[in-house]
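Colleague: Mind looking at a prediction? Sequence and model below.
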Protein chains: 2
Amino acid sequence: MKNAVGRELPSYIEGYGEVVPFQGAENNSTVKPKTTVKGSAVGPKDVKILSSISEAIDKAEIKDGMTISFHHHLRNGDYVLNMVMEEIAKRGIKDLTIAASSIFPCHEPLVEHIRNGVVTKVIAAYMSGPVAAAISRGELKYPAVMQTHGGRGRAIENGEVHIDVAFVAAPSSDDYGNINGLQGPAACGSLGYAVADCLYGDKVIAITDHLVAYPNCPIEIDETNIDYVVKVDSIGNPAGIVSGTTKVTKDPVGLKIAQMTAKLMKASGLVKDGLSFQTGAGGTSLAVAQELKDIMKNEGIKGSFASGGITGYIVDMYEEGLFQSLFDVQCFDLKAVESLRSNKAHQSMSASMYGNPHNKGAVVNKLDIVILGATEIDTDFNVNVTTGSDGVIMGGSGGHSDTAAGAKLTIIVSNLVKARLPIIKDKVTTVTTPGESIDVLVTERGIAINPKHADLIERLKKTNLPIMTIEELKEVAEKLTGKPKEIESDDKIVAVIEYRDGTVIDVVKKVK
Amino acid sequence: MKNAVGRELPSYIEGYGEVVPFQGAENNSTVKPKTTVKGSAVGPKDVKILSSISEAIDKAEIKDGMTISFHHHLRNGDYVLNMVMEEIAKRGIKDLTIAASSIFPCHEPLVEHIRNGVVTKVIAAYMSGPVAAAISRGELKYPAVMQTHGGRGRAIENGEVHIDVAFVAAPSSDDYGNINGLQGPAACGSLGYAVADCLYGDKVIAITDHLVAYPNCPIEIDETNIDYVVKVDSIGNPAGIVSGTTKVTKDPVGLKIAQMTAKLMKASGLVKDGLSFQTGAGGTSLAVAQELKDIMKNEGIKGSFASGGITGYIVDMYEEGLFQSLFDVQCFDLKAVESLRSNKAHQSMSASMYGNPHNKGAVVNKLDIVILGATEIDTDFNVNVTTGSDGVIMGGSGGHSDTAAGAKLTIIVSNLVKARLPIIKDKVTTVTTPGESIDVLVTERGIAINPKHADLIERLKKTNLPIMTIEELKEVAEKLTGKPKEIESDDKIVAVIEYRDGTVIDVVKKVK
């Protein structure tokens, strides 16, 4: 069968199950109730502190076939996933599903657990590095499931992903499991991606290297959700926790794209008092934020909120009064962590509050403008941020599809040519975000507007911006590079790409 | 059948259902999973603002037989329950259950709705005034259910109380339902009692008189839980929102009791660094706090936390450094509201986090000492705070049973004689809190210690405190007043008293 972005899908995938094809971004036919949560009763005499991860594994009664979850707020500095999995592997436990909000290069030891059958399934919203490569080569027994950040919250809430045991890296915890990400040597800021795991996991174990007196303050996730607390020497390497990419680009092409994007945003009519805005942590995205900052300052515009993974650049805009508040699902740098600690209107949000399409209203629904990247985009405006042009998994939606669906104006910013390949293709290697959610592509050579936005095209024609069709822009690129070869892939499905509502928007096949 | 406090109970009560008898405070046989929650999907184009309560009733599709919930943070100044019920009654809807966290004298119009069959069942943790009186007279079709604050959270979470529509008085809300109790003309502070209603209600409607720009800040209960927002002129009368009883007693008897209690606490060995403490808002309870404050200041003791309904007296102790933090389920006065607004370590908690026995650990479990009142106490130390000595409902557990069960030392403070009646009886009129949770009774004439605390009795014998048995103390009282007459009651059960775990600890019968 074909889904709404024209991808051919089997009706059933071994190790995944029935395939519900993607039916469009605004289709709500898959809404389900939130699931039940295992009952627990911790009384006045019960103690939650355990002496080791090993004891926690005993208490949680981890068995073959269970689903174990982790969050990725410690990003490439995370020690917790590896520590826990090493201990689990020692016991000969097999056939586990790892539901991690993201997988980073530091999680390389997972490859060995995959090869040994300790781990046979992986669910994540983003993955890069050796684990992603091993999965792309078909080393994982069952297909990986790639979700969006909001979709992961949704799937945990409605029970599609049932977490048997959640291990929650907690930069700060008291002995009763009141945790936050603001304090301690591995402070990472918001714990937004861990919230659903804590609320819905059968057993939830906080792993901390910073045990504070009861009660912890502030409390991001409270004691009523945590079964046990384990103190370890270190939960993460601070150098890896901070993202390496949070600097404004110095590349003149990126800066040009940012300037064009700024003009476009202004022409859109959305840059006015009450503006809400999100941008990624990539160099060009941050350059757009810088441009926007100048416009807002020059014109005295007071925005409403900025959201997402928060960087120091966005904090600066908040502190200069350009936004009234910040919604933070993860902090990308230490300035963001410090701001979350000290600025009252800088508030954490859970992944579900951020982008779950099946709750009573996510923050992305309130976004005016979002700036996103793309590895590839096709002439239907479908975007790939999941696989490289070689077909190897090197990312994933994260909040891409969530924000694109919610925002009034979704702008993709990208160099027209990357690594000598045009980013515009007839068909993207993998559809991460459907074209219907994408409004504009801005490249240094020209701007393509999704034809569904006749109004925006009219508005922009009045500017001196280089508006063209996406087909025209594709030709410009191909004149520079030639038409790239199609990649070859095996028939084996190595990953199922779920749209934020849990339908299947694409699959990734084994690289040859 | 008889329950663990010796009360004779039917196995089934019409309009209530099967009776699970109380089996002891530490029995966990009734633990259930948290229930499912109706699925919802609010998208980018959906608008939550409605023009009136009437429109909200339409949208929520309120029908005969539904359960409608309210919280009591506006206490005796609440307008919301009456406004909503007036509108519902106009439509001829019948047979509703009102699940209000508490019912106050201001809710008198409910009596008419009870008489007209609009309301046939009431569930609350506390009720006083005309509604309580009408229920005591047998005017409500089905027995009222009286819960504890923690028990209400539990029952909503596990689905024993299924809320069809929650109407949430919101002192401050944005157009997407991010609410707090800190701002606006009806600011009441913490919204702790409303949390479960918002998380578990099929439809949740915020009623506000203070609509702010999106996003509200701080967010106590977030947009993902709220279906609709209605702006009205006023949600409550500030004069009634602030409790009338939050002053230290000037009565010399009350002050004497407070001094004795302070000595007792000190002798218990618990008044030391790390002390956690809760006291009510009654005059004698506050006098105990004052005494404790002096001890802590004189001895340089740094406590851990104070919890509960928070008063300005407790805020003072916090601000003087005597407690590191405050856990606040409701603010009793404006000083507490202001502190919750401005003091970072003054944190809100939900009713479930406060006292639900069936979660992963409530705050009451961490309490060292709680000071509570009593209308009656019997020689088994069972306490009644539900009915007066005339058998009329005039209160309810609130957090009484929750804190008594959790704290290491539960002290009842009371005048030995009230309104010419001894407070100590052979059997209390209604058991609210089981004697096993009560450690000490302090009266101006003597102190009785629950015999299960041999250690505490030994410790206190070394002081000059007037320790006696509760039977001796009862005799002292009866010498002053004579033995009171037993009240007569009808056979009709007008209220079922649920212990915090949902078992039945007692019933209230119709007054003759």
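Modeller: Everything's here; your move.
Colleague: Wait, A:Lys32 touches A:His358, no?
Modeller: Yes. Using Cβ atoms under 8 Å, A:Lys32 makes contact with A:His358 at a distance of 7.3 Å. Every residue, glycine included, has its C-beta placed from N, CA and C.
Colleague: who touches both of the two?
Modeller: Common contacts of A:Lys32 and A:His358 (Cβ atoms under 8 Å, 6 or more residues apart in numbering or on different chains): A:158, B:39.
Colleague: ok, A:Pro218 - how many residues close by?
Modeller: Using other Cβ atoms under 10 Å in any protein chain shown, A:Pro218 is surrounded by 17 other residues.
Colleague: and what of A:Asp58?
Modeller: Neighbours around A:Asp58, by other Cβ under 10 Å: 12.
Colleague: list the helices and strands the helix or strand it falls within packs on?
Modeller: A:Asp58 belongs to helix A:53-59 when assigned by DSSP states H and E. Contact partners of helix A:53-59 among helices and strands, from 3 or more Cβ pairs under 8 Å, 6 or more residues apart in numbering or on different chains; DSSP states H and E: helix A:80-90, strand A:203-208, strand A:228-231.
Colleague: which outside residues touch whichever helix or strand A:Ile68 is part of?
Modeller: For A:Ile68, the host element (DSSP H and E) is strand A:67-70. Contacting residues not belonging to strand A:67-70 are listed as A:62, A:78, A:80-81, A:84, A:88, A:96-101, A:123, A:156, A:161-169, A:197, A:201 [Cβ under 8 Å, 6+ apart].
Colleague: May I have the beta-bridge partners of the closest residue in space to A:Leu74 that isn't next to it in sequence?
Modeller: Leaving out its chain neighbours, the residue that sits closest to A:Leu74 by Cβ to Cβ, 6 or more residues apart in numbering or on different chains is A:Gly236, at 3.8 Å. Residues in a beta bridge with A:Gly236, per DSSP bridges, are A:Asp78.
Colleague: What about A:Gly236, how many residues nearby?
Modeller: Quick note: A:Gly236 (other Cβ under 10 Å) scores 25 neighbours.
Colleague: That one contacts A:Ala186, correct?
Modeller: Yes. With contact defined as Cβ under 8 Å, A:Gly236 counts as touching A:Ala186 (4.2 Å).
Colleague: Now list whatever residues contact both of the two.
Modeller: Both A:Gly236 and A:Ala186 are contacted by A:74, A:77, A:169, under the criterion Cβ under 8 Å, 6+ apart.
Colleague: circling back to that earlier point, can you give me the buried ones in the helix holding A:Asp58?
Modeller: Neighbour counts using 16 or more other Cβ atoms under 10 Å in any protein chain shown place A:53, A:56-57, A:59 of helix A:53-59 among the buried residues.
Colleague: who touches it?
Modeller: Contacts to helix A:53-59, defined as Cβ under 8 Å, 6+ apart, come from residues A:50, A:83-84, A:87-88, A:91, A:167, A:203, A:205, A:207, A:227-228, A:230, A:232.
Colleague: and what of stretch A:238-252?
Modeller: Stretch A:238-252 has contacts (Cβ under 8 Å, 6+ apart) with A:73-78, A:104, A:106, A:185-188, A:255, A:258, A:281-284, A:286-287, A:289-290, A:309, A:311-313, A:332-334.
Colleague: Which helix or which strand is home to A:Lys256?
Modeller: helix A:252-268.
Colleague: Quickly check: the helix or strand just after that helix near chain B or not.
Modeller: Using DSSP H and E, the next helix or strand after helix A:252-268 towards the C-terminus is strand A:277-279. No. Strand A:277-279 does not reach chain B (Cβ under 8 Å from any Cβ of the partner chain); its nearest approach is 13.1 Å.
Colleague: What strands line up against strand A:277-279, and which way round?
Modeller: For strand A:277-279, pairing defined by DSSP bridges yields strand A:303-310 (parallel), strand A:369-372 (parallel).
Colleague: distance between the first one and the chain's centre?
Modeller: The chain centre lies 15 Å from the centre of strand A:303-310; the measure is Cα atoms, centre = their mean, to the nearest Å.
Colleague: Could you do stretch A:480-497 as well?
Modeller: 23 Å.
Colleague: now that stretch: mean pLDDT?
Modeller: In this model, stretch A:480-497 carries a mean pLDDT of 90.
Colleague: do the same with stretch A:250-269
Modeller: 96.
Colleague: in that stretch, what counts as buried?
Modeller: A:253-268.
Colleague: Also stretch A:317-328?
Modeller: A:317-318, A:322-328.
Colleague: do stretch A:283-302 as well
Modeller: A:283-293, A:295-296.
Colleague: rewinding a little: with respect to B:Asp175, which of the helices and strands packed on helix A:53-59 lies nearest?
Modeller: Of all the helices and strands packed on helix A:53-59, it is strand A:203-208 that lies closest to B:Asp175, at 33.9 Å by Cβ to Cβ.
Colleague: Just want the angle from the closest one to helix A:80-90.
Modeller: 120 degrees (axes from the mean of the first three to the mean of the last three Cα atoms, to 10 degrees).
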